[in-house]
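**Q** Structure, please.
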Amino acid sequence: MTSLLSVANLSVRFKTQKAFATAVDDFSLTINPGECVGLVGESGCGKTTTGLAIMRLLPTNGQIAAGSVLLNGVDLASLSESEMQKQRGRSVALIPQDPMSSLNPVMKIGKQIGEGLRIHEGASEEEANRRALEVLEMVEMPNPKERLNQYPFELSGGLRQRVIIAMGLVCRPQLLIADEPTTALDVTIQAQILDIIDSLRRDLNMGVLLITHDMGVIAGRADRVVVMYGGRKAEEAPTERLFNSMHHPYTQALLASVPSIESASKSQLSSIAGMPPDLTKEIVGCRFAPRCSFATDQCRQSEPELRGDAPHEYACFHPVEGPRAVTITSAVQHNTEASRSGKELVRVEGLIKEFPIKSGLLRRTTAKVHAVSNVSLTVREGTTLGLVGESGCGKTTLGRMIVGLENVTGGEISFDGHVVSAKGYRQTRDDRRQRQMMFQDPYSSLNPRMKVNDILAEPLAVQREGTRDSRNDRVAELLEIVGLDARSGERYPHEFSGGQRQRIGLARALALNPRLIVADEPVSALDVSIQAQILNLMKELQAEKNLTYVMISHDLAVVYYMADSIAVMYLGKIVEIGDAESVFRSPVHPYTQGLLNAVPVPDPAKARAQHTLKVGGELPSVVNPPSGCRFRTRCSFAQDICAQEEPPMRDFSATQQAACHFPLRTPVALSASHSAS
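**A** Take a look at the predicted model:
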């Protein structure tokens, strides 16, 4: 088959203040019509730079230093900017990582989608609108006619991602480059977006370059996989062969770092020690050698060339044979018994949180956002409660109320036997130090003008704890606890990687020796290897300090690895709650099963298996939630009673409860003392 895209010996470099950084070095890649090729690796390995180089969208300090990029025989690398503008959107299109920053906030959706058609094909306003509606229907946009006249801020993340795909498809391109198209999306919306791309690829015979660090996504979607490390190709093979018979130690280590709900074991995650190479410096030998357990003097002195036979190539002097067996035994195992009978640390009863919507000149309340509606649960000391559900279900709001960052509208929260949410209750210094929070984006929660030493010392100073010298000693201890060098304290947040900033966020939460930490999506934006390091560290600290966690995440594999008990939220309500094994292995609520079916599995055979129960559509409005069961509008089991009556929470075992009129299992009669809530 003649290749649609042929990238040969591509080198891309960036000019920095001190030197040139070679971000992509002698890289080659081919994509055939109708084929999906996955490009994987850690942040900084050159994945996104490769995609931008193909599109000729490099920043001003970047340039293609060598190589060719042939698209249907046309070398994009040698075209002038005016000639390349004719190719972008028409022959090759890009789905960027962040749709919100890629959409014009003051231009209506229909106009933005049709703009490419007007530019490239000279279409009229009417023709452009007609084509915009057509591509919105192709990407399965709900109520597509209404969306044409809406602005980006009026759409959810999943809908904005559909708009970006529609913009890419409006001129029927032959090649689509999808750069982390689902990183920030819930598993259900992620599955919908990936299904759409797959369907369009088959229908239009379009080539797809799928750039991601999610190995589960690659397993279920890509025909072939290219693994990058330090700007070079480490390995390439058909997907199933790469997952089952990889030869490069880096590929093996990446896959070993991925948490999986398919695994019966919750042993400690394998992680890759060290950091990727500094591309501004000359690299001698194999780029992975400093982090590789198989490295020899030969690896440190000579760079390995690609070897093996097509379609399986790898660059390694000491190849491995297939996946690594997990032999780590130092894991901290879950304590299900403690999650049922241990000391109760947090009790939430009938919790309600509503946000008023004000409008008009007098700013009168015209409606309310029902963020959390009648939620009850308990968390035992020394255990982890996982809060899962789609964006907008109320997870973060619930977590913020538990730590006292949001006031409650109704119900109450008790901490260590004391009500801490009563109206007029004023938190004491001791209250504040006992409950801490890890934020989803550590960079936005760290003061960019303060050095790390000052950031970590600040809560100690606010609490008037110790002398300046003792606080400095505590800061040094915190940095050591989270695995950072003491010299790191003299640097600013922007000088750290995402994984290192998350470690600083954890150190900040630990500064006052809290008993409870609410971790809000603590690893959602991290590579699998860095993610494994953070998760292992959190579990080790929990065992050492008897910490209690509330873990908020839409990544069910991460929650399964961390949690002793699970609460599944939907549109402000808990629909299922119980111990982690019961909820994940024998779910009761159709929504829980739908979430589990949408999880990308890092196993090609299992990932491509068809699931009969999926969660389709978008989350309903939290201003006007559906009557009765709030999930009924997306549930394949829904009947008339679901619209008329709200289902009660019922027992399905001594450790599991769910609220559903038509559950996947039969409820049992248990005494109140055995309640899972």
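
**Q** Any regions of the stretch 1-150 of the chain where pLDDT drops low?
**A** 1, 98-100 (pLDDT under 70).

**Q** Could you pull out the strands in it for me?
**A** For the stretch 1-150 of the chain, the strands defined by DSSP state E, counting those that start in this stretch cover 5-15, 20-31, 36-40, 62-71, 74-75, 92-95.

**Q** quick one, what contacts the most centrally placed residue in the chain?
**A** For the chain, the residue sitting closest to the mean C-alpha position, by C-alpha atoms, centre = their mean, is residue 524 at 3.8 Å. By C-beta atoms under 8 Å, 6 or more residues apart in numbering, the contact set of residue 524 is 183-184, 440, 553-555. From N, CA and C alone the C-beta is placed, and that goes for glycine too.

**Q** Please check those and keep the buried ones.
**A** Buried members of the contacts of residue 524, counted by 16 or more other C-beta atoms under 10 Å: 184, 440, 553-555.

**Q** related to what we said a few turns ago, how about the strands of the stretch 1-150 of the chain, which one is nearest residue 300?
**A** strand 20-31 (18.0 Å; C-beta to C-beta).

**Q** Now do the buried residues in the closest one.
**A** 21-31.

**Q** Pipe these into TSV and attach distance to residue 625 per row.
**A** Output for the buried residues of strand 20-31, formatted as TSV (distance: C-beta to C-beta, whole Å):
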residue	distance to residue 625
21	50
22	53
23	47
24	48
25	53
26	55
27	50
28	53
29	47
30	50
31	44
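
**Q** Moving C-terminal from the helix or strand of the chain with the lowest mean pLDDT, which element do we reach first?
**A** Lowest mean confidence among the helices and strands of the chain (mean pLDDT, DSSP states H and E): helix 336-341, at a mean of 54. Using DSSP states H and E, the helix or strand that follows helix 336-341 in sequence is strand 344-359.

**Q** just for the protein, where's the confidence low?
**A** Using pLDDT under 70, the chain drops low at 1, 98-100, 157, 184, 263-267, 325-341, 497-499, 525, 610-613, 670-677.

**Q** follow-up on the earlier one: quickly name whichever of the buried residues of strand 20-31 is closest to residue 457.
**A** residue 21 (34.0 Å).

**Q** wouldn't the closest one be in contact with residue 283 here?
**A** No - counting by C-beta atoms under 8 Å, residue 21 stays clear of residue 283, with 11.2 Å between them.

**Q** The nearest residue to residue 292 once chain neighbours are set aside: how many residues sit nearby?
**A** Distance criterion C-beta to C-beta, 6 or more residues apart in numbering; nearest residue to residue 292, sequence neighbours excluded, is residue 249 at 5.1 Å. As a burial measure, residue 249 scores 26 neighbours (other C-beta atoms under 10 Å).

**Q** Tell me who's in contact with residue 249.
**A** 288, 292-294, 316, 318, 320.

**Q** out of those, who has the most neighbours?
**A** residue 288 (25 neighbours).

**Q** can you tell me how far residue 656 sits from residue 570?
**A** Separation of residue 656 from residue 570 (C-beta to C-beta, to the nearest Å) stands at 16 Å.

**Q** circling back to that earlier point, can I get the contacts of residue 524 in TSV with secondary structure and distance to residue 66?
**A** Rendered in TSV, the data for the contacts of residue 524 read as follows (DSSP: H, G, I helix; E, B strand; the rest coil; distance: C-beta to C-beta, whole Å):
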residue	secondary structure	distance to residue 66
183	coil	30
184	coil	34
440	coil	40
553	coil	42
554	coil	41
555	coil	39
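
**Q** so which two of these are the farthest from each other?
**A** 183 and 553 (13.6 Å).

**Q** picking that back up, dump the contacts of residue 249 into TSV; add secondary structure and distance to residue 5 as well.
**A** Output for the contacts of residue 249, formatted as TSV (three-state DSSP; distance: C-beta to C-beta, whole Å):
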residue	secondary structure	distance to residue 5
288	coil	26
292	coil	31
293	coil	35
294	coil	33
316	coil	26
318	coil	32
320	coil	30
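
**Q** For residue 128, state which of these is nearest.
**A** Looking across the contacts of residue 249 and measuring by C-beta to C-beta, the closest to residue 128 is residue 288, at 48.6 Å.

**Q** Quick check, that closest one in contact with residue 229.
**A** Yes - using C-beta under 8 Å, residue 288 is in contact with residue 229, at 5.6 Å.

**Q** and for the two, which residues touch both?
**A** Joint contacts of residue 288 and residue 229 (C-beta under 8 Å, 6+ apart) are residue 250.

**Q** Could I get the full set of strands for the stretch 551-677 of the chain?
**A** 565-570, 573-579, 649-653, 656-659.

**Q** Direction included, what does the shortest one pair against?
**A** This points to strand 656-659. strand 573-579 (antiparallel), strand 649-653 (antiparallel) (DSSP bridges).

**Q** now for the ones you listed, which one comes closest to residue 357?
**A** strand 573-579 (20.0 Å).

**Q** residues in contact with the closest one?
**A** 336, 339-340, 373-377, 394, 564-569, 583, 587-589, 591-592, 630-631, 649, 652-653, 655-660, 676-677.

**Q** Now the buried members of those.
**A** Buried among those by 16+ other C-beta under 10 Å: 336, 339-340, 373, 375-377, 394, 564-569, 583, 587-589, 591-592, 630-631, 649, 652-653, 655-660, 676-677.

**Q** How many neighbouring residues does residue 282 have?
**A** With other C-beta under 10 Å as criterion, residue 282 counts 8.

**Q** Helix, strand, or coil at it?
**A** coil (DSSP: H, G, I helix; E, B strand; the rest coil).

**Q** and residue 202, how far is that from residue 606?
**A** 21 Å.

**Q** before we move on, the earlier item: as TSV, the strands of the stretch 551-677 of the chain with distance to residue 388 would be great.
**A** Formatted as TSV, those follow (distance: least, C-beta to C-beta, whole Å):
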stretch	distance to residue 388
strand 565-570	6
strand 573-579	10
strand 649-653	17
strand 656-659	14
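
**Q** and the closest residue to residue 107 other than its chain neighbours, what is it in contact with?
**A** Distances taken as C-beta to C-beta, 6+ apart put residue 151 closest to residue 107, at 7.6 Å, once the chain neighbours are dropped. With contact set as C-beta under 8 Å, 6+ apart, residue 151 has these partners: 105-109.

**Q** Out of those, who's the most crowded?
**A** residue 109 (28 neighbours).

**Q** Am I right that that residue is in contact with residue 149?
**A** Yes - Residue 109 lies in contact with residue 149 (C-beta under 8 Å); the separation is 7.5 Å.

**Q** quick one: the residue nearest to the centre of the chain is in a strand?
**A** No - Residue 524: not assigned to a strand; according to three-state DSSP it is coil.

**Q** one step back: for residue 384, which of the strands paired with strand 656-659 is the nearest?
**A** Nearest of these (C-beta to C-beta): strand 573-579, 11.4 Å.

**Q** can you state the direction angle for that closest one and strand 344-359?
**A** Per axes from the mean of the first three to the mean of the last three C-alpha atoms, to 10 degrees, the angle that strand 573-579 makes with strand 344-359 is 160 degrees.
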